[in-house]
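1. Here's a sequence, model it:
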Amino acid sequence: MSIRTFGKILIGLGVVGGIAVTAWWYLFFEQILGESVKDASACFYRTTTKCSGFNLIGQIGDIPTYDPVVLWVSLIIFSVGIVVYGLSARRK
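-> Numbers count the residues shown, from 1 in each chain. As a prediction, this is how the structure comes out:
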């Protein structure tokens, strides 16, 4: 496997992770807040006191609680993929 291909794979994994985490965020907070899901927009990228309260409700309701760490991991994987792909393109 070439470095360029590895970069593409990382980019793809980052994109898929970003899509999955967005769906997870929406589905989790939609179950708790209904149509007021926008009230949890800050919870998408960080955990506030309000978000912790929503997570507690989710745990009581046996709903897999949303964790923004997955978003940041996806962004890191995507970013590393961009760097790897960009550096491999410069070498040619």
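2. from here on, contacts and neighbour counts on C-alpha atoms
-> OK.
3. residues contacting residue 19?
-> Not one residue lies near residue 19 by CA atoms under 8 Å, 6 or more residues apart in numbering.
4. heads up, I number from 56, so please use that
-> Noted, 56 is the first residue going forward, which turns the last one into residue 74.
5. element containing residue 120?
-> Using DSSP states H and E, residue 120 sits in no helix or strand.
6. The most centrally placed residue in the chain: which element?
-> Nearest to the mean C-alpha position of the chain, counting by CA atoms, centre = their mean, stands residue 126 at 2.4 Å. Using DSSP H and E, the element containing residue 126 is helix 124-146.
7. elements contacting that helix?
-> When contacts are defined as 3 or more CA pairs under 8 Å, 6 or more residues apart in numbering; DSSP states H and E, helix 124-146 sits against helix 58-88.
8. Averaged pLDDT, the helix it packs on. What do you get?
-> Mean per-residue pLDDT for helix 58-88: 95.
9. Residue 85 is in contact with residue 91, correct?
-> Yes - counting by CA atoms under 8 Å, residue 91 touches residue 85, with 7.5 Å between them.
10. out of those two, which sits in the more crowded spot?
-> Taking neighbours as other CA atoms under 10 Å, residue 91 and residue 85 compare with residue 85 leading, 15 against 11.
11. Against residue 72, how distant is the more buried one?
-> Using CA to CA, to the nearest Å, one obtains 20 Å as the distance from residue 85 to residue 72.
12. Repeat that for residue 106.
-> Counting by CA to CA - residue 106 and residue 72 are separated by 21 Å.
13. cool, and residue 58?
-> 21 Å.
14. Neighbour count for the two, which is higher?
-> Remark: of residue 58 and residue 72, residue 72 carries more neighbours, 20 against 14, as counted by other CA under 10 Å.
15. Noted, bye for now.
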